[in-house]
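1. Give me the fold of what follows.
(one chain, ligands or ions: 2)
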Amino acid sequence: MKDRTRRASCSCARLTVRCRGEPLSVSLCNCQACQRRTGSAFGVAAFFPTASVRLDGDSTVFVRTSDEGREVTFHFCPACGSTVYWFPERKPGIIAVALGAFADPAFPAPGQSVHDEHKHPWYTLAMPS
Ligand SMILES: [Zn+2]
Ligand SMILES: [Zn+2]
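-> Numbers count the residues shown, from 1 in each chain. Ligands and ions are numbered 1, 2, ... in the order given. Okay, the predicted model is just below:
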């Protein structure tokens, strides 16, 4: 059976990621850095093996240190500013792709929620158990 491919892109569609197969995991993060990165109340990352993705387009890099003290390297579009993917130092060989960049309501839901200490109290999640 042929693996399905999903496409993620920034707002202006210059920076894209093609992901083959299903994500290894999908994780919702309530940390304050994700709130600032997304401009929303939380971020959601879909993790894929780096070998299963194809990256196209120019990106600008922003490196920050996570709450756990490890570096995370974010790639965002220099034209429109959307962060599309990033590489967590603590997960070698794994790329995180911003769930919102797929703009697909049928995308697999997050299997976990982290940094709940920073969660905004006004939302509740319907995640599969
Ligand atoms: Zn763009
Ligand atoms: Zn976060």
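
2. tell me the pLDDT at the residue nearest the centre of the chain?
-> Centroid-nearest residue in the chain: residue 98, 2.6 Å away (criterion: C-alpha atoms, centre = their mean). pLDDT recorded at residue 98 is 98.

3. again, but for residue 1
-> Reported pLDDT for residue 1: 63.

4. Ok, residue 19 next?
-> 98.

5. So it is in contact with residue 50, correct?
-> No: between residue 19 and residue 50 there is no contact under C-beta atoms under 8 Å: 10.5 Å. Bear in mind the C-beta positions are built from the backbone N, C-alpha and C, glycine included.

6. Comparing those two, which residue is more hemmed in?
-> Comparing residue 19 with residue 50 by other C-beta atoms under 10 Å, the one with more neighbours is residue 19, at 23 against 14.

7. How about the contacts made by the more buried one?
-> 5, 6, 7, 8, 46, 48, 52, 53, 97 (C-beta atoms under 8 Å, 6 or more residues apart in numbering).
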